[in-house]
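Q: After the sequence you'll find the predicted model.
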Amino acid sequence: MNQKIAIEPNLTPIKEYLAQKGYSVENIDYGQGATKNNYDAIIVSGVETNIMGIEDTSSKAIVIDADGMTAEQVYQELQSQLH
């Protein structure tokens, strides 16, 4: 699969679930100049949705707002949008 997913650090259960499903999952590090173009998808929790301008249409990454979603729902959303 080898798709890179960036995820907010507060979404640990989702991060662990996606890693078990074969995704390469890293925490978003806003302070280190993380760029959305390094990832296939970015998982956010709603509060920080546009902190990096990640809804910018020039990015190849899809953005999923995981607020209120289970890990399984986030996985299903990734599956539908990345495949």
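A: Cool, got the structure.

Q: Tell me where the protein is predicted with low confidence.
A: 1, 29-37, 47-59 (pLDDT under 70).

Q: max-length helix in it?
A: Secondary structure of the chain read by DSSP state H shows that its longest helix is helix 71-82.

Q: which residues sit against that one?
A: Taking CB atoms under 8 Å, 6 or more residues apart in numbering as the criterion, the residues outside helix 71-82 that touch it are 3, 5, 13-14, 16-18, 21, 23, 40-41, 43, 62, 64, 66, 69. (C-beta placed from N, C-alpha, C; glycine too.)

Q: same question, stretch 15-28
A: 1-9, 34, 39, 42-44, 52, 71-72, 74-75, 78.

Q: Filter these down to the ones in helices?
A: Counting by DSSP H, the part of these found in helices is 71-72, 74-75, 78.

Q: Those, buried ones only, as a ChimeraX selection?
A: Command for ChimeraX that selects the buried part of the ones in helices among the contacts of stretch 15-28, burial taken from 16 or more other CB atoms under 10 Å:
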select :71,74,75,78
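
Q: In a markdown table: the ones in helices among the contacts of stretch 15-28, plus distance to Asn27.
A: Putting these into a markdown table (distance: CB to CB, whole Å) gives the following:
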| residue | distance to Asn27 |
| --- | --- |
| Ala71 | 16 |
| Glu72 | 21 |
| Val74 | 15 |
| Tyr75 | 18 |
| Leu78 | 17 |
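
Q: Now intersect the contacts of helix 71-82 with the strands, please.
A: Per DSSP state E, strands hold the following members of the contacts of helix 71-82: 5, 41, 43, 62, 64.

Q: neighbours around Ile28, how many?
A: When neighbours are counted by other CB atoms under 10 Å, Ile28 registers 22.
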